[in-house]
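In: here you go, sequence then predicted model.
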Amino acid sequence: MEKVIVVENLTKAFGRFKAVDQISFEVEKGEIFGFLGANGAGKTTAMRMLCGLSIPTSGKALVAGYDIRTQPEMIKKNIGYMSQKFALYEDLTVAENIRFYAGIYQVPEKEIAPRTQKLLERLGLEHEKDSLVKSLPLGWKQKLAFSVAVFHHPGIVFLDEPTGGVDPVTRRQFWEMIYEATDSGITVFVTTHYMDEAEYCDRVSIMVDGKIAALDTPANLKKEFDANNMDEVFYRLARNASRKAD
Amino acid sequence: MISCKNISKKYKKVQALSDISFEVKPGEIFGLIGPDGAGKTTLFRILTTLILADEGVASVDGLDVVNDYKLIRERVGYMPGRFSLYQDLSVEENLNFFATVFNTTVEENYELVRDIYQQIEPFKTRKAGKLSGGMKQKLALSCALIHKPTVLFLDEPTTGVDPVSRKEFWGMLKNLQQQGITILVSTPYMDEASLCDRIALIQKGRLLTIDSPGKIADGFKKTLLSVSAENMSLLLTDLRTIPEVENCYAFGDSHHITLKNRTSRYEQEHSDSKGKKDNEIEFIINDLKVTLEAKNHLNIIIKEIKPGIEDCFMELSKNNL
Amino acid sequence: MRYFTAWRVMHPEKPIEMKQFISFVRKEFHHIFRDRTTMAILLILPVLMLLLFGYAINTEVKNSKIAVYDPSNDTYTRAIIEKMQASEYFSVVKMLKNEQEMSEQFKSGEVKMVIAFSENFHENLLHSGDAQIALIADATDPNSAKSVVNYATAIIAGYQMESQQLQQIPFQIDTQIKLLYNPQMKGAYNFVPGVMGMILMLICAMMTSISIAREKEMGTMEVLLVSPVKPAMLIIAKAIPYFFISLINLTTILLISVFILGVPVAGSLLWLLVLSLVYIFVNLSLGLVISSVVNNQQTALLISGMVLMLPVIMLSGMMFPVENMPVFFQWISQLIPAKWYIIGVKKIMIKGLGFSAIMPQLAVLSGMAVLLIAISIKKFKYRLE
């Protein structure tokens, strides 16, 4: 299997504080990789490094075949990114947002129109093409944001708590979109606070105090920790974290 | 303790709340559960006297939210959605400040916040902006409690907080309840519903139902099945092509389905033993298994399950379009 | 626990409201002191502005290069040229031989002004009384051209006066310009009051409105509203730290202008302070009015920046004289507090006039303060909308 993310002893220290402490893992092409952890466990810091936004203190990582230390620009071209906090421009229309992201990711001009059409059809948003994003319900926004994040057909898409606050039905539709994306070969790297969503991942890693405390398929993790669901697995691992205040 | 009658509120074009009525009894933990944009915050702001409803009346602790707003403000605790602390003040300074704002001192009501505050006390000189989500949440709760309110309004206190901190937080709420404080709490996390005494499910400004979590689950009239197999993604697609399947949603490691017109074929074949529900369900399960096996699914597990609040929410929200 | 009890022990007699108020003010000071960058800007800004206006944006003309065309070349013209050369404003860089050279000089941009004497200057002055000096200035920069011409005229007139007294020559060229109060035409006399008006407004109106808008943005305003705190207290507590900072700024400005820029306080310091205090109140209440209509810091910044700053710079008379404006703008300038303040400050600082002279300015500013405070109290929302 082709490895699209290879992380070896990745560390990020702020002074004496090691936000991320020697983590190593690999993600295969087409996988849905769940990246879980309590607040302050170091998830965000690790994700920033993988997206080429922050330089590691030590260790190395290859994302889409590029070194995060020396080729952050190449990484940014080959990944998609979506977070709950920032996704789309509220004061631009649906079409304008798509056009904007297509522009910054250098989607070939003649590709834009057909891809936009396909995207709008898939989401059932044809009639909302010229509506301002802020007028859309939250669930639609998040689905649109995801579609925009994979609009340039990136090899990997990073999703930072993509479904926070979204209603249960839309949340599921969102995950179906994620499945569709992986069917077309995109690798998904996702963080979430919903533990039932952890079950949808092919493999899950759980960070505690800057280290990866567990990494396996949800089924194996449940077996290993003798738990009924991922919520219990998570609780057992994270409950003893020493770093709650940070 | 809290009472709402026919509350409606409109912002320009958006109907934020329509015809909301419910009551919260003294000493209760009442959960307002629904996704973002359902109108939870608007309802909280009306009850905390921050905005006026277009229609309807509401009272808190026997006081009218419009006329007696000053009195209400003296006796309720409010924690808005975004943790409202001064990021550049230390933990201790925040708490002291809010104590004076409410005409009290930290020591006067220390008993009430002790359990919560002790957990953050080691960091009391740290700036609130430098605390983790869980810690901020505890500090915000301490600040909202410092004047010993009779009613506590918590607007999405657990949003964006990890599951461990969320569990801890609910534990704290239970303790506060034992000290006689009535709590109205909102959350987008359906799994937190079971921690409330009673809940109201809210979507698009309307209440879908109000009851105890158990009774709401009892009200789920359809048979709910959980289905799992080797290839979950394919299973989902296949289940949706089966004509008898009404709804099918992914639920963690299994899919939850409800069936439409489920008795028609069973009744035709077993018209004599009509009414034996267990047999009926067994029949359906077997029938489904056969269908899925025909589609080459492996390790198929199908069982009847009790609906959770999320199942109920999805079922109820279908009628609220 | 001792920390918690400290207030009670120290101030057992303080009524609850006073306690709340003190705690509010203390919080505001914390906000300001902990935001080092902003505080540094607030304290250094006046200094920078004064120095900028004092040295970099200098409207004074010093050592302007001039050329002279003097076909007459007699004692009188030479004496005038010497006077010019001796003054700190001009340096004569070229004597022109003919009139053609004049236009060449301007084209090359080498000189700011050419002084051209008529032929037989002294003779004509004595006999026919028809002596002429032409001052030809490069007006691509009209302000400095005007200054250059004004200085030159003043020097010529000065020399005429001297020689008139000595020789009883009848006065021919009427270039009598009197420069009162500011004989050296120092720019500092003009911009010090202007900078005072601007800084005090900036600190009071802008910072107060931003700091209230921040509470709204952070959501803390929601919590404070759902509390027994009186809104008026909240608002006044916001204004107090900026009141003190603006007093510090006022002191800095006055010290710099007296000791570094050499602009004295000719009149009564007491009345200057009174006038400034009233002006500070006007701006604090202006900030409060702004904060009641905006919901975030960005809008607060834009409103106080564009709606307040721009008119002050353009219309208050700080940069451009109000009398030269179209009538419409003259009317608008009446509404700008800074205009009244700047006039008042000039009267006290530069002209050394007393209370009776600034009475109209004091009255207008007090009126504005009362009106704005009334509006801000009326506009304060007890609810979120």
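Out: Here it is on my side, so go on.
In: alpha carbons only for contacts and neighbour counts from here, please
Out: Noted.
In: so which elements touch the longest helix belonging to chain B?
Out: In terms of residue count, the longest helix belonging to chain B (DSSP state H) is helix B:277-294. Secondary-structure packing of helix B:277-294 (3 or more Cα pairs under 8 Å, 6 or more residues apart in numbering or on different chains; DSSP states H and E): helix B:264-269, strand B:301-304.
In: what parts of chain B come near chain C?
Out: Residues of chain B lying close to chain C (Cα under 8 Å from any Cα of the partner chain) are B:48-51, B:70-71, B:73-74, B:76-80, B:82-86, B:88-89, B:96-97, B:100-103, B:105-107.
In: out of the residues you listed, which are buried?
Out: Using 16 or more other Cα atoms under 10 Å in any protein chain shown as the burial test, the residues of chain B next to chain C include B:48-51, B:70-71, B:73-74, B:76-80, B:83-86, B:88-89, B:96-97, B:100-103, B:105-107 as buried.
In: up against chain A, what does the stretch 201-321 of chain B have?
Out: Contacts of the stretch 201-321 of chain B with chain A, taken as Cα under 8 Å from any Cα, map to B:233, B:249-253, B:310, B:313-314.
In: report the two of the residues you listed separated the most.
Out: Using Cα to Cα, the pair of these lying farthest apart is B:233 and B:313, separated by 23.1 Å.
In: out of these two, which sits in the more crowded spot?
Out: Comparing residue B:233 with residue B:313 by other Cα atoms under 10 Å in any protein chain shown, the one with more neighbours is residue B:313, at 24 against 16.
In: would you mind measuring from the more buried one to chain C?
Out: 30 Å (Cα to the nearest Cα, to the nearest Å).
In: who touches the helix or strand that residue falls within?
Out: Assignment of secondary structure by DSSP states H and E places residue B:313 within helix B:309-317. Helix B:309-317 is contacted by residues A:168-169, B:190-191, B:193-194, B:201, B:203, B:208, B:213, B:216-217, B:220 when judged by Cα atoms under 8 Å, 6 or more residues apart in numbering or on different chains.
In: domains for chain C, by residue range?
Out: C:64-180, C:188-384 (automatic domain parsing).
In: on that earlier part again, and the longest helix of chain B, what's buried?
Out: Neighbour-count burial for helix B:277-294 flags B:280-281, B:284-285, B:288-289, B:292 (criterion: 16+ other Cα under 10 Å).
In: average pLDDT for it?
Out: Summarised as a single mean, pLDDT over helix B:277-294 is 82.
In: grab the most central residue of chain A for me.
Out: Geometric centre of chain A, nearest residue: residue A:159, 2.2 Å, by Cα atoms, centre = their mean.
In: can you verify that one is assigned to a strand?
Out: Yes. Membership of residue A:159 in a strand is supported by DSSP: H, G, I helix; E, B strand; the rest coil.
In: for it, what are its contacts?
Out: Contacts of residue A:159 by Cα under 8 Å, 6+ apart are A:81-83, A:188-191.
In: including pLDDT, could those residues go into CSV?
Out: Formatted as CSV, those follow (pLDDT from 0 to 100):
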residue, pLDDT
A:81, 90
A:82, 89
A:83, 82
A:188, 95
A:189, 95
A:190, 94
A:191, 90
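In: quick one: low-confidence parts of the chain?
Out: You didn't pick a chain, so chain A it is. Low-confidence segments of chain A (pLDDT under 70): A:85-86, A:242-246.
In: please go with chain C instead
Out: Applying pLDDT under 70 to chain C flags the ranges C:1-16, C:54, C:56-61, C:129-130, C:141-143, C:164-188, C:319, C:385.
In: what helix or strand is the spatially most central residue of it on?
Out: Centroid-nearest residue in chain C, with Cα atoms, centre = their mean: residue C:194, separated by 1.3 Å. Secondary structure assignment for residue C:194, by DSSP H and E: helix C:188-201.
In: that older thread, can I get the domains of chain C in TSV including distance to residue A:19?
Out: TSV is the format used below for these (distance: least, Cα to Cα, whole Å):
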stretch	distance to residue A:19
domain C:64-180	60
domain C:188-384	27
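In: could you say which of these is packed most deeply?
Out: Comparing these by mean neighbour count (mean count of other Cα atoms under 10 Å in any protein chain shown), domain C:188-384 comes out on top with a mean of 20.
In: chain center to that one, what's the gap?
Out: How far domain C:188-384 lies from its chain's middle: 13 Å, per Cα atoms, centre = their mean, to the nearest Å.
In: is chain A within reach of it?
Out: No. Using Cα under 8 Å from any Cα, domain C:188-384 stays clear of chain A, coming no nearer than 15.8 Å.
In: is that domain anywhere near chain B?
Out: Yes. Judged by Cα under 8 Å from any Cα, domain C:188-384 comes into contact with chain B at C:218-220, C:222-229, C:382-384.
In: ok, the nearest residue to residue A:197 once chain neighbours are set aside to residue A:232 distance?
Out: Of all residues not flanking residue A:197 in the chain, residue B:252 sits nearest, at 5.9 Å (Cα to Cα, 6 or more residues apart in numbering or on different chains). With distances taken as Cα to Cα, to the nearest Å, residue B:252 is found 13 Å from residue A:232.
In: could you pull out the helices for the chain?
Out: No chain in the question, so chain A it is. Under the criterion DSSP H, helices of chain A are mapped to A:43-50, A:72-78, A:94-104, A:109-123, A:138-149, A:168-183, A:195-198, A:218-224, A:230-238.
In: hmm, no, I was thinking of chain B.
Out: Remark: helices assigned in chain B by DSSP H are B:40-47, B:69-75, B:91-101, B:110-120, B:133-145, B:163-178, B:213-218, B:232-241, B:264-269, B:277-294, B:309-317.
In: of all these, which has the lowest average per-residue confidence?
Out: With a mean of 54, helix B:264-269 has the lowest mean pLDDT of those.
In: residues of chain A that sit close to chain B?
Out: Within chain A, the residues that sit near chain B (Cα under 8 Å from any Cα) are A:37-40, A:137-138, A:164-169, A:172, A:179, A:193-200, A:231, A:234-235, A:238-239, A:244-246.
In: among those residues, name the buried ones.
Out: Using 16+ other Cα under 10 Å, the buried members of these are A:37-40, A:138, A:164-169, A:172, A:179, A:193-200, A:231, A:234-235, A:238-239, A:244-246.
In: look up how far chain A lies from the closest residue in space to residue C:275 that isn't next to it in sequence.
Out: Excluding its sequence neighbours, the residue lying closest to residue C:275 (Cα to Cα, 6+ apart) is residue C:362, at 6.3 Å. Counting by Cα to the nearest Cα, the gap from residue C:362 to chain A is 46 Å.
In: go ahead and confirm residue C:362 touches residue C:276.
Out: No. Residue C:362 is not in contact with residue C:276 according to Cα atoms under 8 Å; the separation is 9.5 Å.
In: skipping its backbone neighbours, what lies nearest residue A:161 in space?
Out: Once flanking residues are discounted, residue A:161 sits nearest to residue A:192: 4.6 Å by Cα to Cα, 6+ apart.
In: pretty sure the one you found sits against residue A:165.
Out: No. Counting by Cα under 8 Å, residue A:192 does not reach residue A:165; the two are 11.2 Å apart.
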